[in-house]
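Trainee: got a sequence here, can you model it:
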Amino acid sequence: MKRPSSLTITFLGTGTSSGVPMIGCSCEVCTSTDKRDNRLRSSILVRSATTTLVVDSTPDFRYQMLRAQVKKLDGIVFTHPHKDHIAGLDDVRAYNFFSKQPMHIYANEMTQMAIIREFPYAFAETRYPGVPDIQINAIDMDPFTVGDIEVVPILVWHMMMPVLGFRFGDFTYITDANRIDEPEIQKIRGSSHLVLNALRHEKHISHFTLGEAVEMVQTIGVPNAYFTHISHQLGLHELVNASLPPGMQLAYDGLTVTVPC
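Mentor: Take a look at the predicted model:
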């Protein structure tokens, strides 16, 4: 299949596992009237002219699909098995209903095991009518394709947990990381756009801080960078964004970028 000349990426969610605003919180970020400070759980939509895929099915998956008006979905690619990245998978039932096809998901062995454990009814020998129809596609570190979109896995570390980032053409997406080893950095080099998690300013055991994310972008040398998986502790979007070096910005829900392949 011919490779697309460009891809359109939409940030479906840019928040950390609790989302922003956070339940019960009345800080200036959680009560902000700036829509950019309202963050669903982290996920992106990747589109070519013929293929649509999503990275991770967050607890907000249903609303994210409605908000982005995604009528057709060709697959879901998973980064890792944490709840804030897989919990919305049950809602693929709607796509099953209209397409009369299983939903193809792409996950490594660790994430497959978690999905089967979390949604056992979808994989039972005898299944109740209307449960999600899911086709698991096993992935490792080799490139693979969803429709006409080539996907290149990138191994990063979320404390001790291996997590997959993905490169789509000139766009690289990495979430839930606090370490990237040099061989994997080489896979990122040459990207025109890089997304990295930047949880907060203070040190965290398993996420990049904003300062660490900025330093990583500078080390790799990618000209356009977006930060995601943001907590309310990072601060107001407008103020933090204004403090960033040229070529770097905070992502926000609904932001769309078009990149070459």
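Trainee: what segments of the stretch 151-261 of the chain are strands?
Mentor: In the stretch 151-261 of the chain, the segments counted as strands under DSSP state E, counting those that start in this stretch are 161-168, 171-173, 193-197, 224-228, 248-250, 256-260.
Trainee: again, but for the stretch 1-150 of the chain
Mentor: 6-13, 43-47, 52-55, 75-77, 103-107, 134-138, 144-146, 149-158.
Trainee: what's the longest one packed up against?
Mentor: With contacts defined as 3 or more CB pairs under 8 Å, 6 or more residues apart in numbering; DSSP states H and E, strand 149-158 has these neighbours: strand 144-146, strand 161-168, helix 182-188. All C-beta atoms are positioned from the backbone trio N, CA, C, and that covers glycine.
Trainee: buried ones in the first one?
Mentor: I take that to be strand 144-146. 144, 146 (16 or more other CB atoms under 10 Å).
Trainee: need the residues that contact it.
Mentor: Here strand 144-146 makes contact (CB atoms under 8 Å, 6 or more residues apart in numbering) with 1, 51, 53, 74, 75, 77, 104, 106, 137, 150, 151, 153.
Trainee: how about the helices and strands packed on strand 149-158, which one is nearest residue 244?
Mentor: Of all the helices and strands packed on strand 149-158, it is helix 182-188 that lies closest to residue 244, at 19.0 Å by CB to CB.
Trainee: would you mark the buried spots in the closest one?
Mentor: Under the neighbour-count criterion of 16+ other CB under 10 Å, helix 182-188 has 184, 187, 188 buried.
Trainee: for stretch 100-111, same thing?
Mentor: Of all the residues in stretch 100-111, those buried under the rule 16+ other CB under 10 Å are 103, 104, 105, 106, 107, 108, 111.
Trainee: pLDDT wise, what is the last one at?
Mentor: In this model, residue 111 is scored at 98, pLDDT.
Trainee: that one is in contact with residue 80, isn't it?
Mentor: Yes: counting by CB atoms under 8 Å, residue 111 sits close enough to residue 80 to count as a contact (6.0 Å).
Trainee: what does stretch 23-37 contact?
Mentor: So stretch 23-37 is contacted by 20-22, 38, 232-238, 250, 252-253 (CB under 8 Å, 6+ apart).
Trainee: now, of the residues you listed, which are buried?
Mentor: Taking 16+ other CB under 10 Å as the criterion, what is buried in the contacts of stretch 23-37 is 20, 21, 22, 38, 232, 234, 235, 236, 237, 250, 252, 253.
Trainee: put together JSON lines for those residues, with pLDDT and distance to residue 129 on each row.
Mentor: Output for the buried ones among the contacts of stretch 23-37, formatted as JSON lines (pLDDT from 0 to 100; distance: CB to CB, whole Å):
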{"residue": "20", "pLDDT": "98", "distance to residue 129": "38"}
{"residue": "21", "pLDDT": "98", "distance to residue 129": "38"}
{"residue": "22", "pLDDT": "98", "distance to residue 129": "38"}
{"residue": "38", "pLDDT": "98", "distance to residue 129": "37"}
{"residue": "232", "pLDDT": "98", "distance to residue 129": "42"}
{"residue": "234", "pLDDT": "98", "distance to residue 129": "45"}
{"residue": "235", "pLDDT": "98", "distance to residue 129": "48"}
{"residue": "236", "pLDDT": "98", "distance to residue 129": "48"}
{"residue": "237", "pLDDT": "98", "distance to residue 129": "44"}
{"residue": "250", "pLDDT": "98", "distance to residue 129": "44"}
{"residue": "252", "pLDDT": "98", "distance to residue 129": "40"}
{"residue": "253", "pLDDT": "98", "distance to residue 129": "35"}
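Trainee: export stretch 66-85 to CSV, keeping only CA atoms.
Mentor: The C-alpha trace of stretch 66-85 is given here as CSV (Å, rounded to 0.1, in the frame of the first residue of the first chain):
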residue,chain,number,x,y,z
LEU,A,66,-17.7,11.9,20.1
ARG,A,67,-15.8,15.2,20.5
ALA,A,68,-13.5,14.5,17.6
GLN,A,69,-16.4,13.1,15.5
VAL,A,70,-14.6,9.9,14.7
LYS,A,71,-17.1,7.9,12.7
LYS,A,72,-14.6,5.3,11.5
LEU,A,73,-11.7,3.8,13.4
ASP,A,74,-9.3,1.3,11.9
GLY,A,75,-7.4,0.4,15.0
ILE,A,76,-6.1,1.2,18.5
VAL,A,77,-2.4,1.1,19.3
PHE,A,78,-1.4,0.7,22.9
THR,A,79,1.6,2.1,24.8
HIS,A,80,1.3,0.1,28.0
PRO,A,81,-1.3,-1.5,30.3
HIS,A,82,-1.9,1.2,33.0
LYS,A,83,-5.6,1.8,33.6
ASP,A,84,-5.6,5.4,32.3
HIS,A,85,-4.5,4.0,28.9
